[in-house]
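Enquirer: mind folding the following:
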Amino acid sequence: MENDYLCTKIRKEVHTKKEKLAAFERLLDVQYRLRKECPWDRKQTFESLRPNTIEEVYELCGALMKGDLKEVCKELGDVMEHVVFYAMLGEEAEAFDIADVCNSQADKLMYRHDFINWREEGQWKVENPEMEINDQGQVVYKKDKKEPGCTDKPSTDSQVETTWEMRKQTERDGNKTVLSGVPESLPTLIKAYRIQDKARNVGFDWKEKEDVWEKVKEELGELETELRKEDATKSTAELGDFLFSVINAARLYHLNPDNALEETNQKFIRRFNYVEKRLKEEGINFSEATLERMDGYWNEAKAKGL
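Expert: From the prediction side, this is the model:
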């Protein structure tokens, strides 16, 4: 996938920080004017924007799957517009504005990266009045006098992930439990992956990744048993357990099951479209085509690398 991205670069020069800030300011100005003068923008609320936001995020995900950086840039703009719009609505409600959003995120990132010395390399500060940068350069809560300092700087991404969840537990408005950070509205496949990943971050995981296959086989056997009994309720439960175990296996082998399934979706679409195209060329409708003929066209598509 990374090589695919390299093939779709859309520009060479890099904007300066000043230019980037000016571009963001321009977007804010445009959005504020639209809110005043555009009938559609004027009528939007938090609730009315939500479906559009979901759509835009999925379009961004589609562009990412294709590795099309030009499209990624476009879709990022659409998502950013929604972020700005929600912040504008928050400002109108006198709850928060875009500065609060940015400062809150910056404070959170600095707090969670307690292995970085924020007293070094620049004039760093926190905006949350309950926080401060201690003598070790860590962002801490002022009242937490006993908060331990992190002395070991992680050298791998997995080490960062291990401490990340634990750090989140200590945030004032953070997650109260490890799994409470998994959004309820996530698509179920991604939610299963995130649940398992968060559990892994606190040490709840298989000692050896190969051991997971016994669990997969066990769940498949239980599913087959309930299917033979034709018990829909128990079969559904066992199907869920089986899928959960397969997703767990994918995670252990560092494979993204959502990406994998989408690649298979696209492969099926390409091959099925080929079958449909060949049937049309022969003047045959699906209702008239035999399974053997369609299988033959399917194998042709497969041989062509579709």
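
Enquirer: the helices in the stretch 51-200 of the chain, which residues?
Expert: In the stretch 51-200 of the chain, the helices defined using DSSP state H, counting those that start in this stretch lie at 69-92, 98-112, 157-169, 188-201.

Enquirer: got the ones you listed as JSON lines, with mean pLDDT columns?
Expert: Supplementary listing: these in JSON lines, determined by pLDDT from 0 to 100:
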{"stretch": "helix 69-92", "mean pLDDT": "96"}
{"stretch": "helix 98-112", "mean pLDDT": "95"}
{"stretch": "helix 157-169", "mean pLDDT": "69"}
{"stretch": "helix 188-201", "mean pLDDT": "89"}
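
Enquirer: could those helices go into JSON lines alongside distance to residue 180?
Expert: For every residue, glycine as well, the C-beta is placed using N, CA and C. What follows is the helices of the stretch 51-200 of the chain, written out as JSON lines (distance: least, C-beta to C-beta, whole Å):
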{"stretch": "helix 69-92", "distance to residue 180": "22"}
{"stretch": "helix 98-112", "distance to residue 180": "16"}
{"stretch": "helix 157-169", "distance to residue 180": "10"}
{"stretch": "helix 188-201", "distance to residue 180": "9"}
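
Enquirer: ok, residue 251 - contacts?
Expert: 193, 196-197, 200, 257 (C-beta atoms under 8 Å, 6 or more residues apart in numbering).

Enquirer: also residue 189?
Expert: Counted by C-beta under 8 Å, 6+ apart, residue 189 has contacts 243, 247, 257-258, 261.

Enquirer: and if we set it to 10 Å?
Expert: 243-244, 247, 250, 257-258, 260-262 (C-beta atoms under 10 Å, 6 or more residues apart in numbering).

Enquirer: filter those residues to the buried ones?
Expert: Those of the contacts of residue 189 that meet the buried threshold are 243-244, 247, 250, 257-258, by 16 or more other C-beta atoms under 10 Å.

Enquirer: farthest-separated two in the residues you listed?
Expert: Within the buried ones among the contacts of residue 189, 244 and 258 form the most distant pair, 14.0 Å apart (C-beta to C-beta).

Enquirer: what about residue 225, helix or strand, and which?
Expert: helix 212-229 (DSSP states H and E).

Enquirer: what's around residue 289, how many residues?
Expert: For residue 289, the neighbour count with other C-beta atoms under 10 Å is 16.

Enquirer: tell me the pLDDT of it.
Expert: Per-residue confidence (pLDDT) for residue 289: 93.

Enquirer: doesn't residue 279 make contact with it?
Expert: Yes. Counting by C-beta atoms under 10 Å, residue 289 touches residue 279, with 5.6 Å between them.
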